[in-house]
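Participant: could you work out the structure for the sequence below:
(3 chains)
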Amino acid sequence: MGKDGSSHFLTTRLDDFIAWGQKWAMWPLPFGTSCCGIEMMATLSADYDLARFGSEAIRFSPRQADLLLVAGIVNSKMSPVLKTVYEQMSEPKWVMSMGACASSGGVFPVYSVTQGIDNIIPVDIYVPGCPPSPEAVIDGLLKLRDKVQKGDTHSQRRLKAGTPPEQWVLQ
Amino acid sequence: MSDDLSNSYPLARESDSRAAVAFGGGTDYSVTRDSDDLWDDSRVIINIGPTHPAMHGALRMVAKLNGETIEKSYCEFGFTHRAKEKLGEHRTYHQFVVFTDRMNYCSALINNVTYAMAVERLMGIEPPERAILIRMACCELARITDHLICIGIGSVDVGAFSYFLYGFHQREEAYTLIEKLCGARLTTSYTRIGGLMYDAPVGWEDDCKAWVKQTRSVFDEMDRLLTTNKIFLDRTKGIGVMTKEECLDYSFSGPCARASGIDRDLRRDQPYMFYDQMKFEVPTGTNGDVYDRYLVRVEEIRQSLNLLEQICDRMKPGPIWADDKRVRIPSKIDVYNSMEAMIHHFKFFMRGFDVPAGEAYTMTEGANGELGFYIVSKGKPMSHRMRVRSPSFWHFQALTLMSTGEKIADMIAALGSINIIAGELDR
Amino acid sequence: MNIFTSLRTNRGDWAEKFGPFWTKSIEKLKAKFGTSIEEVRMPGAYPTDVPIVFVNKAQIVEVLSFLKTDTDCGYNFLADYTATDEEAQPRFELVFNLYNRDQGPRIRVKVKVAEGEESPTCISVWPGCDWAEREIYDMYGIKFTGHPNLRRILMDYRWEGYPLRKDYPLDGYQVFPDSEAPDPERLK
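Facilitator: Okay, the predicted model is just below:
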């Protein structure tokens, strides 16, 4: 209620309101394995400061995080670990694939490297670069926020569609 | 709630609420319990990693604990194995430059330089003076950034977060300098066989000297913040000790060996490039613990800053490519205007150049220790064997030795101090 | 032909600086071990940077500990330990790059190992050989007699084939359903 007695209110859809809340408080789980991990740390440290977008709370426990930041290469030994971490995160959850290695295998078309983490888990946003600059990571985060606002991420879509949990992870 | 020997009832009316009773010895637990044990069969096996925040990169340690003390442990790695040695046999010498960045990504420039030196050595090429000086400046810049990461993240592991922020800010400034050279921050791919990708821009030396000056003052500040900090001293002194003999057994090199009192630095003892004409000192420690490794790295940053200044003073304009047709990339103007240069350009990038048959093990003083490339050539554009001697591989091996009998939090501090880079460890 | 002459970028002419030292230590090695030293390749005659000493694999532990402790050799630092696939008979070569930390010269020791053969472990000389041997086993499938824990190190324990062998394809990817659980047996 305003000072003059008039009433102020805002109409919105509940979904939009929830998505608005979610996009401002993405807690990342840094799954940093190699070179991209160092750039991810640079993004989190003082010069680039991811806290401006509500993502300063780094959570190393998958139970407390909702953004899985896969920074760096995932190989055949690591992919079961990545899958486990993804399954441990609670819904809704988002995945950012940071860098060429995570997105496609990059310059390593070799026996050990998984050619893109989308072979293992669904990815919402890909950030190109080898490694991406911190600006690119921030840009990727902003684009992901837009997607969350639209309800266009894998997690939100399958919640809407009511997909059973056993089909969440790609086989 | 009260002790067995207590003879009063605290809640009774007559009992004095403040009366403290001292008991001599208390219940004798040693009758039923092993004196080493907290309680019977208290050994717990815990698994740290591969995505644990304290394990730098993707490493894993499985430890058997007695209470909080590590009794036995083993380490596992290979979670970032990218088959760079195999790629060395399937990529031309020119193409392999990009893979060298991704080994020790904290000091990619040193890897670039060492690799270029290794191939040049096999081919008998010597780059001109300016190229060598820029390479030396690159090495020292990379060494400083690597040490800043190591002591920065090492201090986060023992709880000093603001120190890390200071270090990372200064590192960003160093990245600006590196970006001016080659446009990339981390994975530089700056060197080419026989020269450099680009010349340093005009005035880069002055920028570099200004950065050195600024870093010195910031570094003094950082030094005051941590080096005599009581908590930091308690957490690091006498932790993760490696003796001189153990260092030799486990092939320790670089700052970790120097912290144990091994006075060896390849820049001084096996001078390469122009290091024999530069003035610098090699710091050594005595105890070989986490604190000494920290001190050695801090002093090395100071020496590297001095070196950087000397190198910048000596830099003069000049050519950056060795005068050798085999390795020199033809200039774009020629490529677009003459048929021969076009064919040469095409052959250079599609087929590569032949390296004469032979084998050499070329090593430099990397940021972590002796970084070596053992290349066996059979006279083809691709190597027969491309072996990378990464210091992290040998240092990580000794972690179980360092941490046995220590508390689990001390293991984290020891791991931070030997600066394991997963990309270099797994290759 | 010596392809490594006076390169300022590469720490000077080693053959000139360390030539007498190398000759002396190799003569002493030959006198001590005789026929176990199969072949010696010197930098001038063969395109290499340091002398290569081929040693019979039965004697390798003794040769290495001699090179490490003898006063005229003093190669006390194991700089690198690896292998190569020569695609010839015998198929593999183990390569030791040694460094005399006190006087400066380096030397390379090689051991020829045929496919399916085992080589003795060198952990008794340098405990650091442990992981290097595991890596060689992982990448080339060369087994080491007496190694306490010879299992894969870089690849998954279920991996099939040896990636760095020349006949292994570059893109031979393998999928595993789960990662290895902690093994209490290794902590006994």
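Participant: could you find the closest non-adjacent residue to the residue in chain C positioned nearest to chain B?
Facilitator: Ranked by C-beta to the nearest C-beta, the top residue of chain C for proximity to chain B is C:P47, at 3.1 Å. To be clear about C-beta, it is placed using only N, CA and C from the backbone, and glycine gets the same treatment. Of all residues not flanking C:P47 in the chain, B:G358 sits nearest, at 3.1 Å (C-beta to C-beta, 6 or more residues apart in numbering or on different chains).
Participant: what is the neighbour count of that neighbour?
Facilitator: Per other C-beta atoms under 10 Å in any protein chain shown, the neighbour tally for B:G358 reads 22.
Participant: please tell me I have it right and it contacts C:V50.
Facilitator: No - taking C-beta atoms under 8 Å as the definition, B:G358 is not a contact partner of C:V50, at 11.7 Å.
Participant: report pLDDT for residue 162.
Facilitator: You didn't pick a chain, so chain A it is. pLDDT recorded at A:G162 is 76.
Participant: hm, I was asking about chain B
Facilitator: You'll see B:S162 listed with a pLDDT of 84.
Participant: and the worst-scoring helix or strand of chain C on mean pLDDT, what's buried?
Facilitator: None of the helices or strands of chain C scores lower by mean pLDDT, DSSP states H and E than helix C:14-33, at a mean of 83. For helix C:14-33, the neighbour count (16 or more other C-beta atoms under 10 Å in any protein chain shown) marks C:14-15, C:18-19, C:21-22, C:25-26, C:28-29, C:33 as buried.
Participant: got these as a markdown table, with distance to B:E221 columns?
Facilitator: Formatted as a markdown table, the buried residues of helix C:14-33 follow (distance: C-beta to C-beta, whole Å):
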| residue | distance to B:E221 |
| --- | --- |
| C:W14 | 44 |
| C:A15 | 49 |
| C:F18 | 46 |
| C:G19 | 51 |
| C:F21 | 48 |
| C:W22 | 50 |
| C:S25 | 51 |
| C:I26 | 54 |
| C:K28 | 55 |
| C:L29 | 55 |
| C:F33 | 59 |
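Participant: what's the closest of those to chain A?
Facilitator: Nearest to chain A among the buried residues of helix C:14-33: C:W14, at 34.4 Å, using C-beta to the nearest C-beta.
Participant: C:E38: which element?
Facilitator: strand C:37-41 (DSSP states H and E).
Participant: distance of B:T228 relative to chain A?
Facilitator: From B:T228 across to chain A, the span is 24 Å (C-beta to the nearest C-beta, to the nearest Å).
Participant: residue contacts, that residue?
Facilitator: Contact analysis of B:T228 by C-beta atoms under 8 Å, 6 or more residues apart in numbering or on different chains lists nothing.
Participant: quick check: it is in a strand.
Facilitator: No - under DSSP: H, G, I helix; E, B strand; the rest coil, B:T228 falls outside any strand and is assigned coil.
Participant: burial count for residue 144?
Facilitator: Just so you know, I chose chain A. When neighbours are counted by other C-beta under 10 Å, A:L144 registers 23.
Participant: not what I meant, chain B
Facilitator: Per other C-beta under 10 Å, the neighbour tally for B:I144 reads 28.
Participant: where does it sit: helix, strand or coil?
Facilitator: Following three-state DSSP, B:I144 is assigned to helix.
Participant: sketch out the low-pLDDT regions of chain B for me.
Facilitator: Across chain B, residues meeting the criterion (pLDDT under 70) sit at B:1-7, B:15-42.
Participant: now do the contacts for whichever residue of it sits closest to chain C.
Facilitator: Nearest residue of chain B to chain C (C-beta to the nearest C-beta) works out as B:G358 at 3.1 Å. Going by C-beta under 8 Å, 6+ apart, B:G358 touches B:122, B:377, C:3, C:46-48.
Participant: of these, which is the most crowded?
Facilitator: B:L122 (26 neighbours).
Participant: correct me if wrong, but it is in a helix.
Facilitator: Yes - per three-state DSSP, B:L122 lies within a helix segment.
Participant: run through the residues of chain A sitting next to chain B.
Facilitator: Within reach of chain B by C-beta under 8 Å from any C-beta of the partner chain, chain A has these residues: A:30-35, A:37-39, A:41-42, A:45-47, A:60, A:72-73, A:75, A:77-78, A:81, A:85, A:101, A:107-108, A:110-113, A:130-131, A:133.
Participant: list the residues that contact the residue of chain A positioned farthest from its centre.
Facilitator: If you look at how far each residue of chain A sits from its centre, by C-alpha atoms, centre = their mean, the farthest one is A:D4, at 44.3 Å. By C-beta under 8 Å, 6+ apart, A:D4 lies in contact with nothing.
Participant: in three-state terms, label it for me.
Facilitator: coil.
Participant: so, low pLDDT: which residues of the chain?
Facilitator: Going with chain A. Judged by pLDDT under 70, chain A has its weakly predicted residues at A:1-2, A:7-11, A:165-171.
Participant: that's the other chain; I wanted chain C
Facilitator: For chain C, the stretches with pLDDT under 70 are C:1-13.
Participant: let's see that with 50 instead.
Facilitator: Residues of chain C meeting the criterion pLDDT under 50: C:1-12.
Participant: all the strands of it, in order from the start?
Facilitator: C:37-41, C:52-55, C:77-85, C:92-99, C:106-113, C:118-120, C:143-145 (DSSP state E).
Participant: mind checking which of those strands is nearest C:L170?
Facilitator: Closest to C:L170 of these, according to C-beta to C-beta: strand C:77-85, at 14.0 Å.
Participant: what is the lengthiest helix in chain A packed up against?
Facilitator: Counting residues, the longest helix found in chain A (DSSP state H) is helix A:134-150. Applying 3 or more C-beta pairs under 8 Å, 6 or more residues apart in numbering or on different chains; DSSP states H and E, we find helix A:134-150 packed against helix A:14-23, helix A:35-44, strand A:94-98, strand A:125-127.
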